[in-house]
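> Can you look at this prediction? I've put the sequence above it.
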Amino acid sequence: MDNRFEFDQKSIMDLVNSNEPFSFYFGETKQRVTDEDLQWLGRRSANLPRKKDGKIPRNRPVLLRADTKLPEEKQHFTPVEARKELDFDSILLFCSALCLNAYEVEDALQSKLNHLPLGRKLWREKEADKSPKDGVAYKVFCTFSFGITAAIKEGKCRLQK
């Protein structure tokens with residue numbers, strides 16, 4: 001992760017409004033950004049309400065491997081694979097000791113761009129409410145790739161709607 005990353009002097013909104021193949025995900029974490037920025041691609045990551053039977057549902061990542069014949073657990077990208085194969089990177093957008101500030105920044109970013117199609121944005125629903133912890137730095141980040149459109153066309157990955 002390079003906090004000094006610049007998109008050739010373009011803002012995120014410039015890229016969203018351009019024809020460039022820019023795909024992105026906004027997230028919030030109390031962990032190091034590089035430890036959490038691609039966890040939304042995995043099966044374990046689920047910020048979903050419990051089912052009526054009390055079970056926590058599995059995550060349904062937006063991006064999966066294109067080969068549907070692979071066993072389910074092999075269709076998911078690990079963070080290392082996503083960085084290498086799909087050219088993902090992340091930037092830190094905001095950091096605060098107050099969780100409410102970070103949650104509001106993440107919510108505002110996702111709300112502003114929630115109308116975009118899957119593939120451009122890489123989340124289905126805005127994040128659910130979270131419980132704060134004292135003494136923690138809350139970080140809002142943008143994970144992005146300029147290679148998702150090409151990877152889908154090349155048969156490396158697919159969108160799971």
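Everything's here; your move. Bear in mind that the values here come from a model prediction, so they are computed numbers and not experimental data. Residues are numbered from 1 along each chain as shown.
> For stretch 119-138, what does the pLDDT average out to?
The pLDDT scores in stretch 119-138 average 76.
> end-to-end on it?
End-to-end span of stretch 119-138 (C-alpha to C-alpha, to the nearest Å): 26 Å.
> Repeat that for stretch 133-153.
Across stretch 133-153, first to last residue, C-alpha to C-alpha, it's 42 Å.
> Strands along this protein, start to end?
Using DSSP state E, the strands of the chain run over 23-29, 63-65, 89-96, 138-145, 157-159.
> Check which helices and strands the fourth one is in contact with.
With contacts defined as 3 or more C-beta pairs under 8 Å, 6 or more residues apart in numbering; DSSP states H and E, the secondary structure elements packing on strand 138-145 are strand 23-29, strand 89-96, helix 99-113. For glycine as for every other residue, the C-beta is placed from the backbone atoms N, C-alpha and C.
> ok, now the first one?
In terms of contact count using 3+ C-beta pairs under 8 Å, 6+ apart, strand 23-29 is assigned the packing partners helix 12-16, helix 33-36, helix 99-113, strand 138-145.
> could the strands of the chain go into a markdown table alongside mean neighbour count?
Formatted as a markdown table, these follow (neighbours: other C-beta atoms under 10 Å):
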| stretch | mean neighbour count |
| --- | --- |
| strand 23-29 | 23 |
| strand 63-65 | 21 |
| strand 89-96 | 17 |
| strand 138-145 | 22 |
| strand 157-159 | 18 |
